[in-house]
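Colleague: Show me how the following folds:
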Amino acid sequence: MTQFRMDVSIIMADEFESQVAPRLGWKIIGHTESPDQWDWNRYDVEAEDCPAEYAGQLIEPYGLLDHDTAVAAYAEQASALAEGGVDLLVLETIFALEEAVWAVEGIKSASELPLVVSFSYDMGTRTMMGLSPTDAVTTILPLGVAAVGANCGRSLADTDEVVTEVLAAAGDVPVWIKPNAGVPKVVGSQVVYEAGPDMLAEHVVRYVEQGARVVGGCCGSTPEHVAAIAQALGR
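Modeller: Predicted coordinates for the structure are as follows:
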């Protein structure tokens, strides 16, 4: 494994609803409920008599994910991760307010670890479900989370607007921001993100100056991007 020195404070491992998927007809190879038996190097998934639309569920009435399934699944993940020794839990790339509320309910029923809730405003300054940053933040804050914010999204210009709105709504609660490295473009056989390390760092530094407390990079961010952010922040 290649190692990079990036001066980061948080290292994350994404699950992408690994516990919800089996309930909806997917078999995760090597899956087990015991965290000390998880094989983090195997994320192979195979379909078992499962239509394509089952991959990545929307909440009811738009999809198959209901309240009880969501709450139970997030509780299971939170419990296993806490047992496995993580320091905090991050609920990110959320589009629907109802799922966020259900997820927080499940997580808090199983763990007292700090919880971050981060929405993805992939339609510019709204999520794909039409949710605004103000509505997202003001609904989530009373649930007692450690931080709120935004990740992924679309362009850095859009993220600039989202950050301003999130900060205005968050009050004293820490704000977590992880933008993409700009908008991706297909060049030949590769996906290339428009923002290089310096451009991404320039935007992220402005977010910190505005009041964001935790920052990083999402899609398209390389070790060089993260290192540039850390350097620009004097790390």
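
Colleague: Please count neighbours and contacts with C-alpha atoms only from this point.
Modeller: Fine.

Colleague: can you pull the contacts of the residue lying closest to residue 155 once chain neighbours are set aside?
Modeller: Nearest non-adjacent residue to residue 155, counting by CA to CA, 6 or more residues apart in numbering: residue 182, 4.9 Å away. By CA atoms under 8 Å, 6 or more residues apart in numbering, residue 182 lies in contact with 154, 155, 156, 193, 194, 195, 200, 220.

Colleague: Residue 182 belongs to a helix?
Modeller: No: counting by DSSP: H, G, I helix; E, B strand; the rest coil, residue 182 falls outside a helix, being coil.

Colleague: Renumber starting at 52 from here on
Modeller: Yes, from this point I'll number from 52; that puts the last item at residue 233.

Colleague: need the helix or strand of the chain with the lowest average pLDDT.
Modeller: Least confident helix or strand, the chain: strand 77-79 with a mean of 35, by mean pLDDT, DSSP states H and E.

Colleague: Stretch 110-128 - what's its average pLDDT?
Modeller: Averaged across stretch 110-128, pLDDT comes to 87.

Colleague: One more: stretch 208-216?
Modeller: In this model, stretch 208-216 has a mean pLDDT of 98.

Colleague: Quick check: buried residues in it?
Modeller: Residues of stretch 208-216 classed as buried by neighbour count (16 or more other CA atoms under 10 Å): 209, 210, 211, 213, 214, 216.

Colleague: now stretch 137-148
Modeller: For stretch 137-148, burial by neighbour count (16+ other CA under 10 Å) applies to 139, 140, 141, 142, 143, 144, 145, 146, 147, 148.
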